[in-house]
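Asks: My questions are about this predicted structure, shown below with the sequence.
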Amino acid sequence: MDSKKNKGKGVFIISLLLTLIFIFWGVFFTDNLTKVTNLIYNGSIDYLGWVYLGATLFFVIFSIYLLFSKYGDIRLGKKTDRPDFNTASWLAMLFGAGMGIGIVYWSVAEPVTHYTSPPYGEPFTVDAANTAMKYTFFHWGLDPWAIYTVIGLALAFFQYNKKLPAAISSAFQPILGDRIYGPIGKTIDILSIFATVFGIATSLGLGAMQVTAGMHDIFGVPNELFVQLIVIAVATVLFITSINTGLEKGIQYLSNAAMILSFAIMLLILVVGPTMTIIKVFFNTTGIYISDFIHMSLRLRPFGEGEWIASWTLFYWAWWIAWAPFVGMFIARVSKGRTVREFVIGVLVVPTLGTCLWMSIFGGSALDIVQKTGNNDLAKNITENVSLSIFTFFDYLPLSSVLSILGFAVVAIYYITVADTATFVLGMLSEGGTLNPSNKIKMTWGVIQSALAAVLLLAGGLNVLQTASIAAALPFAIIMVIMCFSLLKGLKSEVEVQKGNKRSMHQS
């Protein structure tokens, strides 16, 4: 037990020191940090992009295998354990953690950008519109959710079934044994915290830009750096207040509110927007997405220019993997009592359908407006100012003021929810895998995340931070592949234990 406590303390101190060194480097030597992170990131994409593609496709296949396998009936926890949260709240929380503000940020901008600059073919055509929607489904569909499924399930299984600490290193117990408490385990946990801190700080910075853009659009507040810093400060106070109310109240209530507002906004656009086009887009794109899935999953263009794939698909796969420790840890924390099959349906299948529906409503409507109006200026405005894209899109719909206010509320709540869940997870990782970290540790990480986002907005280094967090994703992609085999080993031993228990019961 002491080794676990010491491990937690060591992981916290080393992670904290590395983060502070990185902040110092980012503020005072921004150009040097930019050069180094770009070199690492570009090298990993140019030479090892195939690792991202292969690993991510493997996670999808592995998740689907688990859904239909003999392990599907294994319960996360004791046989008598039942879920702590009802299904609606559970889905709302994992969706908020997994996609949150990103889905609002890119739901209009990405399809329109692919329409104006497609991966292949002529821009501003019907084919370009179909391709744009297909790749938007691809980037936000099965692949990211499969990444979260694999890591979330591994963490939940080893926490609840094998009674190990809530740490990323615990998922390697069948392979490493007690070495998970030694230097190898510590390194895995430090890398996880590092990726989480930078991924979240990037999101807080991007989120502050979108919240400020929304305030500018609705209330006429100046869209400038000073306001963005105030947004970060106010959000910090709000999510630190929420942290102190605990998981069952703060995060659950915020996630439920965000989900209700998201459904309201989707329903409203479905009614006042191009309803038939949205329905057709959803069905048509789902068909193209399924039929072209393998081709898109392995597409690298060895004999042509592969810049589009590098800047979109490979960037996304690295981004989702960088987010995996945080999202996986949080999903595991709220999934006790679910069976493996329920878990895979809830984390892979349902969110993929929900995300594709959301993208059809927002992206499909935006492309319909751009095509019907022939308004290339609208397409230009959307692609040039991504922070404002969703509000620019609302201006072309009936009830635009209502939609803008709802959209702003969704962005603001997701913004606080992501920060809230991230500080909770960082607390768990920093305290040796405790399921209920102390408020002091959570508040420490909350302040550090916000400070990091604010400092890098000031220094103009937000893109550098994003590049740094993604550069850390490559070793984590390999760690996650090994994690799958470790999970398989653990599930196999669980089935054998259950068979043994049944035999002993029959004999007695």
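Replies: Received the coordinates, thanks.
Asks: now the stretch 151-300 of the chain, which segments are flagged as low pLDDT?
Replies: 246-249 (pLDDT under 70).
Asks: tell me the helices in it, going along the chain?
Replies: 173-176, 183-219, 225-243, 252-272, 275-291, 293-298 (DSSP state H, counting those that start in this stretch).
Asks: Name the residues of the fourth one that are buried.
Replies: For helix 252-272, burial by neighbour count (16 or more other C-beta atoms under 10 Å) applies to 252-259, 261-262, 265-266, 268-270. For glycine as for every other residue, the C-beta is placed from the backbone atoms N, C-alpha and C.
Asks: How about the second one?
Replies: Neighbour counts using 16+ other C-beta under 10 Å place 185-186, 188-217 of helix 183-219 among the buried residues.
Asks: contacts for stretch 293-301?
Replies: Contacts to stretch 293-301, defined as C-beta atoms under 8 Å, 6 or more residues apart in numbering, come from residues 49-50, 53-54, 56-57, 60, 134-135, 138, 142-143, 306, 309, 313.
Asks: check contacts around the residue nearest the centre of the chain.
Replies: With distances taken as C-alpha atoms, centre = their mean, G98 lies nearest the centre of the chain, 3.7 Å away. G98 sits next to 144-145, 148, 323, 327, 331, 351 when contact means C-beta under 8 Å, 6+ apart.
Asks: Pull the number of nearby residues for D377.
Replies: Using other C-beta atoms under 10 Å, D377 has 9 other residues around it.
Asks: Do you know the pLDDT at it?
Replies: Looking at D377, its pLDDT is 75.
Asks: So it versus K186, what's the distance?
Replies: Noted for D377: a distance of 54 Å to K186, by C-beta to C-beta, to the nearest Å.
Asks: For stretch 30-49, give the mean pLDDT please.
Replies: When pLDDT is averaged along stretch 30-49, the result is 84.
Asks: picking that back up, any chance of the contacts of G98 in TSV, with secondary structure, neighbour count and pLDDT too?
Replies: TSV is the format used below for the contacts of G98 (DSSP: H, G, I helix; E, B strand; the rest coil; neighbours: other C-beta atoms under 10 Å; pLDDT from 0 to 100):
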residue	secondary structure	neighbour count	pLDDT
P144	helix	27	96
W145	helix	30	97
Y148	helix	27	96
W323	helix	30	85
V327	helix	28	90
I331	helix	26	93
P351	helix	23	94
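Asks: The residues you listed: which two are farthest apart?
Replies: The distance between the two most remote of the contacts of G98 (C-beta to C-beta) is 13.8 Å, for W323 and P351.
Asks: just the buried members of the contacts of stretch 293-301?
Replies: 49, 53, 56-57, 60, 134-135, 138, 142-143, 306, 309, 313.
Asks: Rank those residues by pLDDT and give me only the lowest.
Replies: Within those, pLDDT reaches its minimum at G306, with 74.
Asks: Next up, the contacts around that one.
Replies: Going by C-beta under 8 Å, 6+ apart, G306 touches 49, 300.
Asks: how far away is it from A154?
Replies: 32 Å.
Asks: one step back: and which of the contacts of stretch 293-301 is nearest to T241?
Replies: For the contacts of stretch 293-301, the nearest to T241 is D143 (35.1 Å; C-beta to C-beta).
Asks: residues touching that closest one, list them.
Replies: D143 makes contacts with 56-57, 59-60, 297, 316-317, 320, as judged by C-beta under 8 Å, 6+ apart.
Asks: From those, pick the one nearest D395.
Replies: D395 lies nearest to Y316 out of those, by C-beta to C-beta, at 27.9 Å.
Asks: Which residue is the nearest non-sequential neighbour of the closest one?
Replies: H139 (4.7 Å; C-beta to C-beta, 6 or more residues apart in numbering).
Asks: In the longest helix along the chain, which residues are buried?
Replies: In the chain, taking DSSP state H as the definition, the longest helix is helix 30-68. Buried residues in helix 30-68, counting neighbours by 16+ other C-beta under 10 Å, are found at 33-34, 36-37, 40-41, 44-45, 49, 51-53, 55-60, 62-64, 66-67.
Asks: What of stretch 378-393?
Replies: 378-379, 381-383, 386-393.
Asks: Let me know the angle separating the one helix or strand L458 maps to from helix 30-68.
Replies: Following DSSP states H and E, one finds L458 within helix 439-459. Between helix 439-459 and helix 30-68, the angle comes out at 130 degrees (axes from the mean of the first three to the mean of the last three C-alpha atoms, to 10 degrees).
Asks: so how far is helix 439-459 off the chain centroid?
Replies: Distance of helix 439-459 from the chain centroid (C-alpha atoms, centre = their mean, to the nearest Å) equals 19 Å.
Asks: Next: stretch 141-159.
Replies: 11 Å.
Asks: How about stretch 277-291?
Replies: 24 Å.
Asks: Which of the residues in the helix or strand following the longest helix of the chain are classified as buried?
Replies: Using DSSP H and E, the helix or strand that directly follows helix 30-68 along the chain is helix 87-98. Within helix 87-98, the residues that count as buried by 16+ other C-beta under 10 Å are 89-98.
Asks: ok, those residues vs S365, which is closest?
Replies: F95 (20.9 Å).
Asks: give the contact list for the closest one.
Replies: Taking C-beta under 8 Å, 6+ apart as the test, what F95 contacts is 255, 259, 351, 354.
Asks: Can you add distance to P398 and give the residues you listed back as JSON lines?
Replies: What follows is the contacts of F95, written out as JSON lines (distance: C-beta to C-beta, whole Å):
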{"residue": "S255", "distance to P398": "29"}
{"residue": "M259", "distance to P398": "24"}
{"residue": "P351", "distance to P398": "29"}
{"residue": "G354", "distance to P398": "25"}
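Asks: Closest one of those to L457?
Replies: Of the contacts of F95, the one sitting nearest to L457 (C-beta to C-beta) turns out to be S255, at 26.2 Å.
Asks: The closest one contacts A92, correct?
Replies: Yes: using C-beta atoms under 8 Å, S255 makes contact with A92 at a distance of 4.1 Å.
Asks: where along the stretch 401-508 of the chain do the helices fall?
Replies: Under DSSP H, counting those that start in this stretch, the stretch 401-508 of the chain gives helices at 439-459, 462-471, 473-507.
Asks: And the average pLDDT for the last one is what?
Replies: It stands for helix 473-507. In this model, helix 473-507 has an average pLDDT of 84.
Asks: elements contacting it?
Replies: helix 30-68, helix 142-160, helix 173-176, helix 183-219, helix 315-333 (3 or more C-beta pairs under 8 Å, 6 or more residues apart in numbering; DSSP states H and E).
Asks: what angle do that helix and helix 142-160 make?
Replies: Inter-element angle recorded for helix 473-507 and helix 142-160: 50 degrees (by the same axes, to 10 degrees).
Asks: Any idea how far helix 473-507 is from the middle of the chain?
Replies: That offset, for helix 473-507, works out to 25 Å (C-alpha atoms, centre = their mean).
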